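K.L.:
Have a look at this prediction, sequence included:
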Amino acid sequence: MITRSKQASWLLIAGSLLILTGCEDQITDDMPPPVALTEEAVGHFCQMNILEHAGPKAQIHLDGLPYPLFFSQVRDGVAYERMPEQNYKIRAVYVTDMSKASEWNNVGSDNWIPAISAYYVVGSNKAGGMGSPELVPFSGQEDAMTFARQHGGRVMVLTDISDALVLGNASAAPSARVNETATLPDDEDYRSRLEKLRTE
């Protein structure tokens, strides 16, 4: 026999699920779809053909702009999103799905996933397209774990990746502290690309 309190609990849970489902539909409908890479796509920092760079990429859709900003590295895209100087409303962030990539030097042009849903290998021995440490995204957690076993690093979700791991040269080893203060890396090229964002 279902008591009145249990019935109320079930109604509350059911109502919450309906609300969450509605929110998910609203977010999905509001997000612009990812754009496939072409010869015309250039990196926001380097202004070079993004297809000439190895490794995963990122694209960020900003409110009021018809085309996304492309980034030759996922790390650059995440850094752009987190910088307080970035004053556009971000509508969507997509990253390359390395679960569907055939190889590091040819990751594909249209295999994108929302950045928030990816599993990232942080601290691997694979450098990104601009030669800096990379956040390597996968749609499959097992794929990410396999990559980490082969190339080092550890698997994390985006919300657990600290600013220090994005902007600084902090290690992603399991024993490393991931909440330390963010510092700009020693890589002068990476530093200059971040500084460029502050002046745009």
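P.N.:
In hand now; what should we look at?
K.L.:
in stretch 52-71, what's buried?
P.N.:
53-62, 68-71 (16 or more other CB atoms under 10 Å). (Each C-beta comes from the backbone N, C-alpha and C, glycine too.)
K.L.:
oh, I was asking about stretch 159-167
P.N.:
Using 16+ other CB under 10 Å as the test for burial, stretch 159-167 gives 161-167.
K.L.:
do the same with stretch 129-144
P.N.:
Under the neighbour-count criterion of 16+ other CB under 10 Å, stretch 129-144 has 129-130, 132-139, 143-144 buried.
K.L.:
Serialize these to JSON lines and add fields for secondary structure, distance to S117 and pLDDT.
P.N.:
Listed next are the buried residues of stretch 129-144 as JSON lines, based on DSSP: H, G, I helix; E, B strand; the rest coil; distance: CB to CB, whole Å; pLDDT from 0 to 100:
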{"residue": "G129", "secondary structure": "coil", "distance to S117": "22", "pLDDT": "78"}
{"residue": "M130", "secondary structure": "coil", "distance to S117": "24", "pLDDT": "79"}
{"residue": "S132", "secondary structure": "coil", "distance to S117": "24", "pLDDT": "83"}
{"residue": "P133", "secondary structure": "strand", "distance to S117": "22", "pLDDT": "90"}
{"residue": "E134", "secondary structure": "strand", "distance to S117": "18", "pLDDT": "93"}
{"residue": "L135", "secondary structure": "strand", "distance to S117": "14", "pLDDT": "96"}
{"residue": "V136", "secondary structure": "strand", "distance to S117": "15", "pLDDT": "97"}
{"residue": "P137", "secondary structure": "strand", "distance to S117": "9", "pLDDT": "98"}
{"residue": "F138", "secondary structure": "strand", "distance to S117": "10", "pLDDT": "98"}
{"residue": "S139", "secondary structure": "coil", "distance to S117": "7", "pLDDT": "98"}
{"residue": "D143", "secondary structure": "helix", "distance to S117": "13", "pLDDT": "97"}
{"residue": "A144", "secondary structure": "helix", "distance to S117": "12", "pLDDT": "97"}
